[in-house]
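[1] Predicted model and sequence follow; I will ask about them next.
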Amino acid sequence: MPEMEQRPVVLLVDDEAEITANLAQILARSGFDVHTAADGAEALTAVTTLDPDLVVSDVLMPGLDGRELLRRLRADDRWTPVILLTQVGESYERAAALDEGADDYLNKPFDPQELISRIRAVLRRHRQGSADLARRDRLRSDGLELDRVGRRVFLDGTEVTLTPRTVALLDYLMSRPGELHTRERLLSSVWGYDFPVSTRAVDHRVAELRRTLGEDASQPRWVETVQGMGYRFCGKVSA
């Protein structure tokens, strides 16, 4: 008989027992081996003993909160993927979470199916080795170079001028090559808004990027349009 595929181990961290109980059941039904922790301190111990494939943690918890949990994991050189659950409208929390090494975030309240999709995407990214890109200072793809620290972009060695938002969009896409991103997702992640502006804002920034780089949308080297869905960075990225 073929060997059964191992279920990814997910550590779910939240001080609200009702939430962890409900989510744990949903995640388990979706093929994950789920363990729970009631706060950041308990999660640190669980990470050591379980060595989970991924951690899903609430940000706001008494004692050691989700961001401090993330900081301690990274300080201990543990790069277990982490998805943080943040509060709606707290855009600074999302930006801080990503800067501190979170792999993704999700606003509360959320659709459990959305969380499952994010978990699978992050696990897939890590299996493919592209997760390391999010931690690199420079990214390169076919003559395009992004200095993530200096927020500068170079094309064939020459610096090009892009608006800060377009640089942020390029950073997000380039550090997640091959992944499909809906306009709503990009708006939420790069702009930090939950939908107060039109998703056309994303299209405008992609158009700016293509115009500046001289990219033909019908034969993209870097940013591919997925009709009716969103965008994908289609170039091969290296650090």
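    On my side now, so go ahead.

[2] Pull the contacting residues for the spatially most central residue of the chain.
    By C-alpha atoms, centre = their mean, the chain has its centre lying nearest to Asp104, at 3.2 Å. When contacts are counted by C-beta atoms under 8 Å, 6 or more residues apart in numbering, Asp104 is found next to Ile83, Leu84, Arg118, Ala121, Val122. From N, CA and C alone the C-beta is placed, and that goes for glycine too.

[3] and the next element down the chain from the worst-scoring helix or strand of the chain on mean pLDDT?
    Using mean pLDDT, DSSP states H and E, the weakest-scoring helix or strand in the chain turns out to be helix 91-99, at a mean of 66. Using DSSP states H and E, the helix or strand that follows helix 91-99 in sequence is strand 104-108.

[4] The following helix or strand past that next one vs strand 104-108, what angle?
    Per DSSP H and E, the first helix or strand lying C-terminal to strand 104-108 is helix 112-127. For helix 112-127 against strand 104-108, the angle by axes from the mean of the first three to the mean of the last three C-alpha atoms, to 10 degrees is 170 degrees.

[5] who's in contact with whichever strand or helix holds Phe154?
    Using DSSP H and E, Phe154 sits in strand 152-155. With contact meaning C-beta under 8 Å, 6+ apart, strand 152-155 is reached by Gly143, Leu144, Glu145, Leu146, Asp147, Glu159, Val160, Leu162, Val167, Leu170, Leu213, Gly214.
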